[in-house]
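1. Mind looking at a prediction? Sequence and model below.
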Amino acid sequence: MNTIKQILNFIIKEKAQGNTFQELNIQMRIMMKGINVKGILEGKVPDDPALSEKLKEIAKEFDVDLEKMAVSI
């Protein structure tokens with residue numbers, strides 16, 4: 001699994017807390033920021049440092065601590 005997909009999945013998982021409706025809501029909010037969520041989740045978007053940084057900024061904005069991601073993987 002590529003890095004951007006891991007980051008995206010972690011953001012969605014942390015924010016939604018298992019709520020399917022919230023998962024879709026989070027995905028939509030990320031899409032509105034110009035991120036191709038569907039492409040990333042389907043593995044069609046290659047790792048890109050700029051995209052990785054943008055996802056890290058979104059995680060910070062959503063109060064998601066990516067430091068916990070390394071522990072949970």
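-> Sure thing, it's come through.

2. can you tell me how far E23 sits from D48?
-> For E23, the distance to D48 (C-beta to C-beta, to the nearest Å) stands at 23 Å. From N, CA and C alone the C-beta is placed, and that goes for glycine too.

3. Please apply the same query to D63.
-> 24 Å.

4. Between the two, which has more neighbouring residues?
-> Set D63 next to D48 and count neighbours by other C-beta atoms under 10 Å: D48 wins out with 13 against 8.

5. Where does pLDDT dip in the protein?
-> By pLDDT under 70, the low-scoring segments of the chain are 1, 71-73.

6. Do a quick rundown of the helices in it.
-> With DSSP state H, the ranges of helices along the chain come out as 3-16, 20-31, 37-41, 49-61, 67-72.

7. How about residues contacting the longest one?
-> Helix 3-16 is touched from outside by 22-23, 25-27, 30, 35, 37, 40-41, 43, 45, 47-48, 51-52, 55-56, 58-59, 62, 64-66, 68-69, 72-73, with contacts defined as C-beta atoms under 8 Å, 6 or more residues apart in numbering.

8. if we go to 6 Å?
-> Residues outside helix 3-16 that contact it (C-beta atoms under 6 Å, 6 or more residues apart in numbering) are Q22, E23, I26, I40, D47, L51, S52, L55, A59, F62, V64, M69.

9. Tell me how many other residues surround T3.
-> 13.

10. and if you look at T20?
-> Burial measure for T20: 8 neighbouring residues, criterion other C-beta under 10 Å.

11. do the one 3 residues further on as well
-> By other C-beta under 10 Å, the residues close to E23 number 15.

12. quick one: contacts for E61?
-> With C-beta under 6 Å, 6+ apart, E61 has no contacts at all.

13. distance of it from K54?
-> 10 Å.

14. same thing with K60?
-> Taking C-beta to C-beta, one finds K60 at 11 Å from K54.

15. which of these two has more neighbours?
-> K54 (17 against 11).
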